[in-house]
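> Okay, sequence plus prediction incoming.
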Amino acid sequence: MQSIIDRPELAEAGSARMHWFREQMPLISLLKARFQEERPFRGLNVAICLHVEPKTAYWIEAILAGGAKHVYLVGCLGTTKADTAAFLAADPRITVLAREQDTLEDHQRYLELVMEQQPDLLLDNGASLILAYCKKPRSWKPLGANEETRTGRLLIDDSGCDIPFPVIVIDDSPLKKLLENAIGVGQSVVDGFMRATSLLLGGRRVLVIGYGWVGSGIANKFRAMGAHTSVHDVDPVYLLKARVDGHTVSEELVELLGQAEVVITATGRFHILTTAHIPYFRHGAILCNAGHFGFEINADELRDAADLVEDLGGGKESFTYGDKKIFLLENASPLNLSAGDGNPISIMDLGLALQACCGARHATDGSQLHNGVQPVPRDIDCFVSRQMLRT
């Protein structure tokens with residue numbers, strides 16, 4: 001199977017970019033050396049669905065150092081870095097299926113192509129690989145799978161699939177929640193917003209929809225930068241937490257929309273913002289998404305309903321409805337990756353170390369895992385924590 005990427009000629013540029021990330025990811029460096037000696041992935045075909053960017057690329061180098069026979073990498077929608085895709089695709093041991101403008105239909109086609117290869121291990125993000133496996137009867141099953149995100153866990157739960165292999169949910173790790181979600185995503189979303197808009201945050205009214213670990217991190221980072229923050233969530237417990245954290249809150253989304261200059265979705269659900277909300281948007285409101293899938297904002301529906309759609313360049317669009325204009329950033333793709341470089345390197349060093357260790361557990365000692373979803377084994381959480389403290 002051949003790679004499907006945008007610009008193979010960028011391989012050299014992608015390679016040059018890797019030097020900085022290798023220097024700044026000591027946990028993956030440690031695991032790479034350990035895997036090279038222990039070879040936990042010896043002879044395995046590994047399927048990965050993840051954002052195609054340099055941090056992912058270095059992690060894949062560690063998987064290959066661990067003896068993986070071949071890696072099939074499917075990118076996530078709206079976040080592929082063309083130079084990284086080209087760098088990875090230049091390695092004959094890696095097949096990359098990821099373009100910058102891929103559609104959902106492209107993504108689903110790539111997933112089925114990977115399923116035809118009957119991979120031994122699924123390292124997933126957004127449950128794309130896991131649910132693709134479950135779409136129809138298969139004559140084989142992998143050793144196991146990881147799922148990185150809360151969105152993926154929700155999609156697995158909603159699907160009702162009886163998964164015939166173990167699935168370790170990285171997002172259920174306290175490390176993932178406390179560090180990557182609550183700290184890393186908040187910083188990277190603020191960074192993505194600043195790169196996309198170059199606007200002053202102080203005094204700006206920012207509404208965050210969803211106050212889980214990710215949403216709380218985003219709201220608190222914007223508040224720390226001087227924004228006036230409000231929060232909507234359907235769970236009163238999370239709203240109470242948002243209130244004592246200092247945010248304005250309401251169970252009624254429309255009560256908050258009219259005041260918000262910036263609206264950020266972080267729910268893990270689809271179609272949180274639709275044409276039904278157009279009457280409530282403030283003129284000049286900026287819409288953006290921090291969830292795994294851009295479908296949290298129904299961008300196509302909003303676009304089709306507009307009297308005028310203008311491409312403003314740099315990932316910005318304006319939609320005009322009568323006398324009202326609103327803006328959409330990056331077609332609602334995850335803002336931290338589509339407009340920026342994703343979560344801080346140190347945070348992803350930790351998160352990808354969890355992925356790597358859990359992948360190795362599936363490959364070498366899956367006897368203590370059960371079929372279906374389960375949290376990261378405690379000993380892996382402790383190992384990664386201790387190693388990060390040392391580095």
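That came through, no problem.

> Using CSV, write down the CA coordinates of the lengthiest helix in the chain.
Ranked by residue count and defined by DSSP state H, the top helix of the chain is helix 345-364. What follows is helix 345-364 as a C-alpha-only set of coordinates in CSV (Å, rounded to 0.1, in the frame of the first residue of the first chain):
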residue,chain,number,x,y,z
ILE,A,345,6.4,19.2,23.8
SER,A,346,6.9,18.2,27.4
ILE,A,347,3.2,17.4,27.9
MET,A,348,3.1,15.3,24.8
ASP,A,349,6.4,13.6,25.8
LEU,A,350,4.4,12.4,28.8
GLY,A,351,1.2,11.5,26.9
LEU,A,352,3.0,9.6,24.2
ALA,A,353,5.1,7.8,26.8
LEU,A,354,1.8,6.5,28.2
GLN,A,355,0.8,5.4,24.7
ALA,A,356,4.1,3.7,24.1
CYS,A,357,4.1,1.8,27.4
CYS,A,358,0.5,0.7,27.0
GLY,A,359,1.2,-0.5,23.5
ALA,A,360,4.1,-2.5,24.8
ARG,A,361,1.9,-4.0,27.5
HIS,A,362,-0.6,-5.2,24.8
ALA,A,363,2.3,-6.7,22.8
THR,A,364,4.2,-8.5,25.6
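
> What distance do you get for Pro137 to Met115?
To Met115, Pro137 is 12 Å away according to CB to CB, to the nearest Å. Just so you know, the C-beta spots here come from the backbone N, C-alpha and C atoms, and that holds for glycine as well.

> Settle it for me: which of those two has more neighbours?
Met115 (19 against 5; other CB atoms under 10 Å).

> who's in contact with that one?
132-133, 138 (CB atoms under 8 Å, 6 or more residues apart in numbering).

> Let me see the contact set for the most centrally placed residue in the chain.
Taking CA atoms, centre = their mean, the centroid of the chain lies closest to His292, which sits 4.5 Å from it. Contacts for His292 (CB under 8 Å, 6+ apart) come out as 76, 125-126, 149-152, 268, 334.

> Pro334 bridge partners, please.
Judged by DSSP bridges, the bridge partners of Pro334 are Asn289.

> Pretty sure Met348 sits against Ala57.
No. The criterion here is CB atoms under 8 Å, and Met348 misses it with Ala57 at 11.3 Å.

> Ile170 is in contact with Ala356, isn't it?
No. With contacts counted by CB under 8 Å, Ile170 stays clear of Ala356, the gap being 10.5 Å.
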